[in-house]
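**Q** predicted model follows, preceded by the sequence.
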Amino acid sequence: MVYLAKKGGEVVHHTSLPALREIDGIEEPDMAIPDAEFEAADGLARIINGEIFIGKTDAEITAEQNQKRIAEIDAELDVIDQKSIRPERAISHAMANGETPPPADVAKLDEFEARADALRQERTSLNPGVAG
């Protein structure tokens, strides 16, 4: 068991009641949880709204998931940028020479841009106020 108690606005924890008493001068813990539960929460224990809270809040979990997805989106946008270089070059070359750009290259850029636009919109929804 892990014994947790509030002390000076912080949470102290020990795996033995005698240690809680001797080291922190606390006679009774505010909470006791199994070692496995404490380890599963990565040892994160805080006081939230006056109560001991173990682990991450739902908001923290959501924020972490959003950041992970944003990183995936950024990586996918980088791949799109790299893959679009050749069609962009072909279109630019054709236009510079007064020619009609190759339809296949224009279509490919349209595909890339549609996918990139959808990813940017998703990224914005995951992190409002921050442009991607």
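**A** Yep, it's here.
**Q** where's Glu76 relative to Asp30, distance?
**A** 46 Å (C-beta to C-beta, to the nearest Å). Using the backbone N, CA and C atoms, a C-beta is placed for each residue, glycine as well.
**Q** what residues sit buried inside stretch 18-31?
**A** Within stretch 18-31, the residues that count as buried by 16 or more other C-beta atoms under 10 Å are Leu20, Asp24, Ile26, Pro29, Met31.
**Q** now the helices for this protein?
**A** 17-24, 35-40, 58-96, 103-126 (DSSP state H).
**Q** and those helices as JSON lines, adding distance to Lys7 and mean pLDDT?
**A** Listed next are the helices of the chain as JSON lines, based on distance: least, C-beta to C-beta, whole Å; pLDDT from 0 to 100:
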{"stretch": "helix 17-24", "distance to Lys7": "6", "mean pLDDT": "94"}
{"stretch": "helix 35-40", "distance to Lys7": "17", "mean pLDDT": "95"}
{"stretch": "helix 58-96", "distance to Lys7": "23", "mean pLDDT": "95"}
{"stretch": "helix 103-126", "distance to Lys7": "38", "mean pLDDT": "96"}
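**Q** out of those, flag the one nearest Met1.
**A** helix 35-40 (6.8 Å; C-beta to C-beta).
**Q** so which other helices or strands are in contact with that closest one?
**A** strand 2-7 (3 or more C-beta pairs under 8 Å, 6 or more residues apart in numbering; DSSP states H and E).
**Q** relative to helix 17-24, how tilted is the strand it packs on?
**A** When axes from the mean of the first three to the mean of the last three C-alpha atoms, to 10 degrees is applied, the directions of strand 2-7 and helix 17-24 differ by 30 degrees.
**Q** care to break the chain down by domain?
**A** Structural domains annotated on the chain: 2-55, 59-126, as defined by automatic domain parsing.
**Q** what about Met31, distance to Thr62?
**A** According to C-beta to C-beta, Met31 and Thr62 sit 25 Å apart.
**Q** and the pLDDT for the residue of the chain most remote from its centre?
**A** Using C-alpha atoms, centre = their mean, the residue of the chain lying farthest from its centre is Gly98. It sits 47.3 Å away. In this model, Gly98 is scored at 95, pLDDT.
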